[in-house]
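Engineer: Here is my input; please provide its structure:
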Amino acid sequence: RVARFEGGTAEGLEAEMARSKQNLVEARTRGLPPGLEGVTRVVEGINRKEGTGFALIFCETEEDLLKADQALNDMTPSEAAGRRVSAGMYEVMIDHDLS
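Structural biologist: The predicted structure follows:
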């Protein structure tokens, strides 16, 4: 699942990333929130200058992806982090590490 965000502030995006990172660290011991149990990987990025960001959410099965999509659609980012302008689901066709 790929979601894009626009209209954030640099400070708001930083705060959202810090909150997200803390939630992921805590999820190692307490588990992920309901609906997100099937998420296997999270990649997030921001462009402070443009006030934009993205979130990539990976799952092993389509069923887990659909559950995660619904759970994430029910969440609202903080206003300072911007608004979700798009979200779509994709099948990973290539994942190649060139390092």
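Engineer: so what's Gly82 scoring on pLDDT?
Structural biologist: You'll see Gly82 listed with a pLDDT of 86.
Engineer: From Asp64, how far off is it?
Structural biologist: According to C-beta to C-beta, to the nearest Å, Gly82 and Asp64 sit 26 Å apart. Just so you know, the C-beta spots here come from the backbone N, C-alpha and C atoms, and that holds for glycine as well.
Engineer: of those two, who's got more company?
Structural biologist: More crowded of Gly82 and Asp64, by other C-beta atoms under 10 Å: Gly82, with 22 against 18.
Engineer: Which helix runs longest in this structure?
Structural biologist: Longest helix in the chain by number of residues (criterion: DSSP state H): helix 10-30.
Engineer: Who are the packing partners of that one?
Structural biologist: Here helix 10-30 touches strand 39-47, strand 52-59, going by 3 or more C-beta pairs under 8 Å, 6 or more residues apart in numbering; DSSP states H and E.
Engineer: for the residue nearest the centre of the chain, what are its contacts?
Structural biologist: With the centre of the chain defined as its mean C-alpha position, the nearest residue by C-alpha atoms, centre = their mean is Ala55, 3.5 Å away. Ala55 makes contacts with 1-3, 5, 42-44, as judged by C-beta atoms under 8 Å, 6 or more residues apart in numbering.
Engineer: Leu24 too?
Structural biologist: For Leu24, the contacting residues are Val42, by C-beta under 8 Å, 6+ apart.
Engineer: Kindly report the same for Gly51.
Structural biologist: 6-10, 13, 82.
Engineer: from the residues you listed, which would you call buried?
Structural biologist: 8, 13, 82 (16 or more other C-beta atoms under 10 Å).
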